[in-house]
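Asker: Provide a 3D model corresponding to the input given below.
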Amino acid sequence: MPSYWFQPQTVSMEFGGRTLSIETGKLAKQAAGAAVVTYGETVVLVTATSANPRPGIDFFPLTVDFVEKTSAAGKIPGGFFKREGRLSDREVLVSRFIDRSIRPLFAEGYRDETQITATVLSAEPTAPPDIPAFIGASAALSISDIPFIGPIGAVRMGRQDGELIVNPNPEEVLESDLDIVVAGSRTALVMVEGSAKVVPEAEILDTLKQAHDQIVEVIGLQEELIKLAGVPSREVPPPADRSELEGEVRSRAESALSEAVRIETKGERYSAIAEIEGEVLQGFVDAYRKEPAPLDTLEAIESREKGLRTLQSDVKDILHDLRSDLVRKRILDDGTRIDGRGAADVRPIACEVRPVPRPHGVALFTRGETQAIVYTTLGGSSDEQTIDGLVERQSKSFYLHYNFPPFSVGEARMLRGPGRREVGHGNLAERAIREVLPEADDFPYTIRVVSETLESNGSSSMASVCGATLSLMDAGVPLKAPVAGIAMGLIEDGDRVEILSDILGDEDHLGDMDFKVAGTRDGITALQMDIKIQSVDWSVMERALAQANEGRLHILDRMAEETSAEFEDFQPRAELSRYAPRVKMITIKPDRIRDVIGPGGKVIRAIQETTNTKLDIDDSGRVTIFSPDGDALERAEGMVQELTQEAELERVYLGKVKRITDFGAFVEIFPGTDGLIHISHLAEGRVDQVTDVLEEGDEVLAKCIDIDPSGRIRLSRKEALADAEAQTNA
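Answerer: A predicted model of the protein is given here:
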């Protein structure tokens, strides 16, 4: 066990107005690397561990988990079991952010099972633990013997009144016109994730540059810790020399694969490639089995089978690399992509509004071989999504869910709940749309959008953004502006660079960058970038943003053209779907809420059942009534107003005598509200006894003549009768 683990080491710096410190050698000493990151009163323990590689795998088995324990915030979990369960969406998103940033930075050929676990030990509400968790992951890997090409850093950027804020607190984020998390190395960015309130590309680029300056400082802090506590990285055995095999595979497959990768249709291309690669692989297998070899012992048989498995794995790897080289070379040499497009071309777009009749809003968006049907459903405040966060419970009145069924890529597998990819894609599309939604006071609905991917060959998340815009417009949601999204790619070889618009799935897999940008005609609302190479020049970033802007405007134009018969001037429908609930809002005094709800909710249930409406009441006294039927809305409104109405001076009421006393009669002028007619106000002249004029149960005209500060109401039968006589004479 390394000796430094028993000698805790700490480094610190000022970062965004707080002290950031990283400690190692005190907690979790049996992990390959462990870092405790403290930022304000937020503390995150991040560990890095590794195990033997899985036999026969051709990928890097990396697992990243970010875990928020409610005990760190002094809370008890909700629910029956009172303990944390599966990761929340937020935990999944932070885990993905760390994973996508570090995954490309391990030594080539490293295949050991590797796990990063970030556990929140203490949570300060104004210092979110996601950035400390990221820094801790990099630090834990960098001081361990795991062959990690780091360190890297991360920062969150906000902006208020044109001034950038480093690591803004949650309140500052709400007031910011951008919220971007950026990760990078000393030389370049490796990951970007964020949203903006329609911010131009040039301002986004400037934010990324200033974020990188902050990242370099965080990397410097980690380098101090590495000098104090780091251990040498383990050696990754160099791959076996397979140049002879590679030459033979290429000679057999290159010509045929060169033609196959030019087939523009995904299904036909995949079938042709599979047939060619299958024949080549089988040829090598047959030749191997024909080679004489002693098989007289169990060890010899096992060695023979292991050699065959190694041969098959090597041939598959070489074929994959060959296919990648052919595609990349064609793009760089003549600018022609897999499906025949030029670098900046966007695939054909088709849009259909309301392909099925019953949803509140629905649209079908197709771009090439990527297709999504997107639904919008409108509801009341009781349909808001409740999020039991680490620090506080929150409600969301807009949420977007993304689904990716296996048939969308021609696969047959079990349907499960949403995975990390679905959560991440849905969150990206949600952030893209959220910035153009109307204010709650103008459109008091809970909005749920669901994107079902029907076909996928590149950027179904951006298809979800486009489809969500059309679906919301179909539902009559008054968007501030339509939003479209596009995925950009990059092929780089030395000084040769080609930026690709609207990338295919293969271009994402074989390329060097996946850069998703969504926004309106005036600016960006959401972006996400993953870099798969060591660095990307800032000039390339600038070109990518400019080309993404051109592609986004083209898509918006096509969306407008395709739906011109449905949306006049590309504006949302003026009327809601006939199946969508109508809404009416009234305000009552907070102390009358109990009158509408009634004991055990009896009164509000009766109103809803009688009128076939849905009522939501908040603590301020705002009553929101939902129903597809306008008449039902009016009836429910009348019932609420009758229950909560207040007496008005000079108004005449037809009331009912509830109680007789020596000094007057108490009259109910509407349910739950009584007033007193003093004996002197029963009639003109002297009245000896109240019962000479009124009896209990009588209906009587009474005018409100006074309401004292405590709410007691004085009524006058005498003045009500005089007013009635005056009107008759007039």
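
Asker: Which positions in the one helix or strand residue 554 maps to come out as buried?
Answerer: Using DSSP states H and E, residue 554 maps to helix 538-562. Neighbour-count burial for helix 538-562, counted by 16 or more other CB atoms under 10 Å, picks out 540-541, 544-545, 547-549, 551-552, 554-556, 558-559, 562. Just so you know, the C-beta spots here come from the backbone N, C-alpha and C atoms, and that holds for glycine as well.

Asker: contact partners of that helix?
Answerer: Residues outside helix 538-562 that contact it (CB atoms under 8 Å, 6 or more residues apart in numbering) are 189, 201, 204-205, 208-209, 344, 346, 349-352, 365, 367, 466, 469-470, 482, 484-486, 488, 490, 492, 497, 499, 501-502, 513, 515, 517-521, 567, 570.

Asker: Among these, which lie within strands?
Answerer: Of the positions in the contacts of helix 538-562, 189, 349-352, 365, 367, 484-486, 488, 490, 492, 497, 499, 501, 513, 515, 517-519 sit in strands, assigned by DSSP state E.

Asker: Show me which of these are buried.
Answerer: Counted by 16+ other CB under 10 Å, the ones in strands among the contacts of helix 538-562 give 189, 349, 351, 365, 367, 484-486, 488, 490, 492, 497, 499, 501, 513, 515, 517-519 as buried.

Asker: thinking again about what came up before, for the helix holding residue 554, what is the average pLDDT?
Answerer: Helix 538-562 shows a mean pLDDT of 95.

Asker: Tell me which other helices or strands the first helix or strand past it going along the chain touches.
Answerer: Counting by DSSP H and E, the next helix or strand C-terminal to helix 538-562 is strand 582-587. Here strand 582-587 touches strand 622-627, helix 630-644, going by 3 or more CB pairs under 8 Å, 6 or more residues apart in numbering; DSSP states H and E.

Asker: Tell me which strands strand 582-587 pairs with, and in which orientation.
Answerer: Partner strands and pairing direction for strand 582-587 (DSSP bridges) are strand 622-627 (antiparallel).

Asker: between the strand it pairs with and helix 630-644, how big is the angle?
Answerer: Here strand 622-627 runs at an angle of 150 degrees relative to helix 630-644 (axes from the mean of the first three to the mean of the last three CA atoms, to 10 degrees).

Asker: As CSV, could you dump the C-alpha coordinates of strand 622-627?
Answerer: The C-alpha atoms that make up strand 622-627 are tabulated as CSV, following Å, rounded to 0.1, in the frame of the first residue of the first chain:
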residue,chain,number,x,y,z
ARG,A,622,-55.1,31.4,-6.7
VAL,A,623,-57.7,29.0,-7.9
THR,A,624,-57.1,27.5,-11.3
ILE,A,625,-60.1,25.7,-13.0
PHE,A,626,-59.5,23.2,-15.8
SER,A,627,-62.1,21.7,-18.2
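
Asker: and it, average pLDDT?
Answerer: The model assigns strand 622-627 a mean pLDDT of 89.

Asker: Please look at residue 155 and residue 213 and confirm they touch.
Answerer: No - assessed by CB atoms under 8 Å, residue 155 is found out of contact with residue 213, at 9.2 Å.

Asker: Those two: who's more crowded?
Answerer: In this view residue 155 and residue 213 are compared by other CB atoms under 10 Å, and residue 155 has more residues nearby, 24 against 11.

Asker: if I look at that one, how far off is residue 183?
Answerer: 8 Å (CB to CB, to the nearest Å).

Asker: Quickly list what's touching both of the two.
Answerer: residue 215.

Asker: Now do the biggest helix by length in the chain against strand 496-501, angle only.
Answerer: Longest helix in the chain by number of residues (criterion: DSSP state H): helix 298-334. With the same axes, to 10 degrees defining the directions, helix 298-334 sits at 90 degrees from strand 496-501.

Asker: From residue 403, how far off is residue 699?
Answerer: 61 Å.

Asker: Who has more neighbours out of the two?
Answerer: Ranked by neighbour count (other CB under 10 Å), residue 699 and residue 403 place residue 403 first, with 17 against 11.

Asker: shouldn't that one be in contact with residue 449?
Answerer: No - using CB under 8 Å, residue 403 is not in contact with residue 449; the gap is 11.5 Å.

Asker: How about the contacts made by residue 204?
Answerer: Here residue 204 is in contact with 178, 180, 196, 524, 527, 545 (CB under 8 Å, 6+ apart).

Asker: For those residues, give me TSV that also has secondary structure and distance to residue 247.
Answerer: Shown next, in TSV, are these (DSSP: H, G, I helix; E, B strand; the rest coil; distance: CB to CB, whole Å):
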residue	secondary structure	distance to residue 247
178	strand	51
180	strand	47
196	strand	50
524	strand	47
527	strand	43
545	helix	41
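
Asker: Near residue 509, how many other residues are there?
Answerer: By the measure other CB under 10 Å, the count of residues near residue 509 is 15.

Asker: Check residue 313 too.
Answerer: 13.

Asker: Grab the most central residue of the chain for me.
Answerer: residue 427 (1.7 Å; CA atoms, centre = their mean).

Asker: who's in contact with that residue?
Answerer: Neighbour list for residue 427: 89, 93, 400 [criterion: CB under 8 Å, 6+ apart].

Asker: Could you rank these by neighbour count and give me the top one?
Answerer: Ranking the contacts of residue 427 using other CB under 10 Å puts residue 400 first, with 24 neighbours.

Asker: so that one, which of the three states?
Answerer: strand (DSSP: H, G, I helix; E, B strand; the rest coil).

Asker: ok, it to residue 315 distance?
Answerer: 43 Å.

Asker: Residue 541 too?
Answerer: 38 Å.

Asker: Quick check on residue 84: phi, psi?
Answerer: The phi/psi pair for residue 84 (degrees, to the nearest 10) reads phi -70, psi 140.

Asker: go on, residue 721?
Answerer: phi -70, psi -40.

Asker: Tell me the buried residues in stretch 650-658?
Answerer: 652-653, 655, 657.

Asker: Which single one of the residues you listed is nearest to residue 104?
Answerer: residue 653 (76.8 Å; CB to CB).

Asker: Is the closest one located within a strand, as I assumed?
Answerer: Yes - under three-state DSSP, residue 653 falls within a strand.
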